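Trainee: Just need the structure, nothing else, for what follows:
(2 chains)
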Amino acid sequence: MKKRIANLSSIILVFIMLIGWEITARIIRLPFVLPSPVEILIRLWELKAELGSTHLPATLLIIMVGLTISILLGVGLAVLMNLSKSVERALYPIIISSQTIPIIALAPIFVLWFGYSIWSKVVVTVLITFFPIAVNTFDGFLSAKKEYKELLLTMGASKKDIFLKVSIPSALPYFFSGLKVAVTLSVIGAAIGEWLGAQAGLGYFSRRMMTQFDGAGVFAPIVLLSLIGILLFLVVVGMEKWLLNWRNEK
Amino acid sequence: MNDVALTLKNIDFRYGQSEKVNEALFIFENLHLYLRKGEFVSIIGPSGSGKSTIFRLITGLEHSDAGTILIDGKETGNRLGEVGYMPQEDLLMPWRTIIENAALPLEIQGMKKVQAYHKVRPLLAEIGLGGYEDYFPKDLSGGMKQRVSFLRAALTGSHVLLLDEPFSALDAITRISMQEWLLKQWRMLEKSILFITHDVNEALFLSDRIYVLTGYPKKPIQEITVPLNRPRQLLDLNKPKMLALKDQLIGQLRGGSR
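Mentor: Residues are numbered from 1 along each chain as shown, chains lettered A, B, ... in the order given. Sure thing, here's the model as predicted:
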């Protein structure tokens, strides 16, 4: 009940902001600078065929490929760092410093390397999203209680037993925290990648509309991007609830 | 010596790998103790007297600097997996259901899950937890969790069980009923139990013999035989000789703590 009220208040707040935006836009009346929410929705409807048939699938493909690689890379790095202290000492600083690189500045170079193919965009997405997964999952491995490991040892458990029965279940909640951050960032990564060099995709389309002073056309794909982000987030939350059912209230 | 389940002979142990042999670092020097088959023995001592370290040595989590540890008269490799160990906290894994927690030692021994659950299910019912198989530990009371933890230790297959202050976190009433429950299980399962506690009453009520650790290694470990027949009632502890023994033990423990 309480949760429903919290949701409701957030919906009301968004609604008030949209009305404020609508009113401001109507007063200013410069649709190429600030289109109103209604204008954006109308434009979205007009563009639905073009966006739905080429640009949305292109962006979704980048996000899915990027996220898959990020999960494999992030979890892989976390497992490696968990296996050996010296691997951790070697990798951790590199992983941290990878995040200090201004990726937007580097993106044009990826275009030079990979051309206008999907891979220049995937690389940007991976660079942004593997980090929260790797760091969170590694923290999760560290969170595994020593007492559980010792208890399993007294039962004659092997290293594999301990990894499967203690380390992985301990790390899973942390992995999901990382994944929640990663999926929302993946949308940003894909959009940035497309902005800087693409022939299709929601980010690319948004930029093209800007050159045509079509304000509503800039915003329409952004609405879609944000919806993708919300949807992915909800999917991860659902998976989390399902896999970590031991945390749910009865 | 065929009836001895567990023997510790001439055990030296000190923490740290320091080259200099510093007297103060010694936890144990020339420690002896034994447990007969089917016997219930308590180790009692003030906190910091190294009670739990004895268990870490027996289970194989730590290794002694000298001496031998025999299980059923045999010296086996590293002893990991040779005895059942029930830790102080229940240490049930929150992500495993009750039946999955209890079946853990069977899984580690390589038994198939279906088979393991098949074996554990009636045992859970026997300890009064029938119907709770698919609950998670957070939905159980402290006493119930300790019963699952005991079952898990018993399922390691060894007849030697080490129980490390298993009831110290329970409230007084629950603790008494758990003590009675434990005695019943001990008789039924025919296990040999080494039990750590800092509660004198608990030690007297449960044990055949008590080892008293006070200021070890400066003072030698003491051995007391509890002069009570079985089955016992809680009221037996009010007999004059028991009260005298209790006062004597409490005096020793207070004198020994620094």
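
Trainee: residue closest to the middle of chain A?
Mentor: For chain A, the residue sitting closest to the mean C-alpha position, by CA atoms, centre = their mean, is residue A:183 at 2.2 Å.

Trainee: What residues does it make contact with?
Mentor: With contacts defined as CB atoms under 8 Å, 6 or more residues apart in numbering or on different chains, residue A:183 is in contact with A:67, A:129, A:229, A:232-233, A:235-236. For the C-beta atoms, the positions are set from N, CA and C on the backbone; glycine is no exception.

Trainee: Could you tell me how many residues sit around residue A:55?
Mentor: Residues near residue A:55, counting by other CB atoms under 10 Å in any protein chain shown, number 23.

Trainee: Look up how far chain B lies from it.
Mentor: 42 Å (CB to the nearest CB, to the nearest Å).

Trainee: how close does the closest residue to chain B within chain A get to residue B:35?
Mentor: With distances taken as CB to the nearest CB, chain A approaches chain B most closely at residue A:156, which sits 2.1 Å away. The spacing between residue A:156 and residue B:35, counted by CB to CB, to the nearest Å, is 20 Å.

Trainee: related to what we said a few turns ago, count the neighbours of the residue of chain A closest to chain B for me.
Mentor: The burial metric for residue A:156, expressed as a neighbour count using other CB under 10 Å, is 18.

Trainee: now it, nearest residue through space, not along the chain?
Mentor: residue B:81 (2.1 Å; CB to CB, 6 or more residues apart in numbering or on different chains).

Trainee: The one you found: how many residues sit nearby?
Mentor: 22.

Trainee: what's near enough to touch the residue of the stretch 151-258 of chain B found nearest chain A?
Mentor: Using CB to the nearest CB, the closest approach of the stretch 151-258 of chain B to chain A is made by residue B:156 at 5.7 Å. For residue B:156, the residues meeting the contact criterion (CB under 8 Å, 6+ apart) are A:154-156, B:81, B:83-85, B:105.

Trainee: can you map out the helices along chain A?
Mentor: In chain A, the helices defined using DSSP state H lie at A:2-28, A:37-46, A:48-50, A:56-83, A:85-98, A:103-114, A:118-143, A:146-154, A:159-162, A:168-196, A:202-211, A:215-243.

Trainee: nope, the stretch 101-250 of chain B is what I was after
Mentor: Across the stretch 101-250 of chain B, reading from the start of the chain, the helices by DSSP state H, counting those that start in this stretch fall at B:104-108, B:113-126, B:142-154, B:172-189, B:200-206, B:240-256.

Trainee: now the ones you listed as JSON lines including mean neighbour count, distance to chain A and mean pLDDT?
Mentor: JSON lines is the format used below for those (neighbours: other CB atoms under 10 Å in any protein chain shown; distance: least, CB to the nearest CB, whole Å; pLDDT from 0 to 100):
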{"stretch": "helix B:104-108", "mean neighbour count": "22", "distance to chain A": "5", "mean pLDDT": "95"}
{"stretch": "helix B:113-126", "mean neighbour count": "15", "distance to chain A": "12", "mean pLDDT": "94"}
{"stretch": "helix B:142-154", "mean neighbour count": "22", "distance to chain A": "9", "mean pLDDT": "93"}
{"stretch": "helix B:172-189", "mean neighbour count": "16", "distance to chain A": "17", "mean pLDDT": "91"}
{"stretch": "helix B:200-206", "mean neighbour count": "22", "distance to chain A": "22", "mean pLDDT": "94"}
{"stretch": "helix B:240-256", "mean neighbour count": "14", "distance to chain A": "26", "mean pLDDT": "87"}
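
Trainee: Those helices into a markdown table, with extra columns for distance to residue A:13?
Mentor: Formatted as a markdown table, the entries for the helices of the stretch 101-250 of chain B read as follows, by distance: least, CB to CB, whole Å:
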| stretch | distance to residue A:13 |
| --- | --- |
| helix B:104-108 | 48 |
| helix B:113-126 | 49 |
| helix B:142-154 | 44 |
| helix B:172-189 | 49 |
| helix B:200-206 | 58 |
| helix B:240-256 | 63 |
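
Trainee: For residue A:49, find the nearest of the ones you listed.
Mentor: Each of the helices of the stretch 101-250 of chain B was scored for nearness to residue A:49 using CB to CB, and the closest is helix B:113-126 (52.0 Å).

Trainee: Tell me what angle the closest one forms with helix B:142-154.
Mentor: Relative orientation of helix B:113-126 with respect to helix B:142-154: 130 degrees, computed using axes from the mean of the first three to the mean of the last three CA atoms, to 10 degrees.

Trainee: now could you export just the CA positions of helix B:113-126 as CSV?
Mentor: What follows is the C-alpha trace of helix B:113-126 in CSV, where atoms were taken according to Å, rounded to 0.1, in the frame of the first residue of the first chain:
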residue,chain,number,x,y,z
LYS,B,113,20.2,-33.5,-4.7
VAL,B,114,17.1,-35.6,-5.1
GLN,B,115,18.6,-38.4,-3.1
ALA,B,116,19.9,-36.0,-0.4
TYR,B,117,16.5,-34.3,0.0
HIS,B,118,14.9,-37.7,0.2
LYS,B,119,17.1,-38.6,3.0
VAL,B,120,16.9,-35.2,4.9
ARG,B,121,13.1,-34.8,4.7
PRO,B,122,12.1,-37.4,7.3
LEU,B,123,15.0,-36.2,9.5
LEU,B,124,13.6,-32.6,9.4
ALA,B,125,10.2,-34.0,10.5
GLU,B,126,11.9,-35.8,13.3
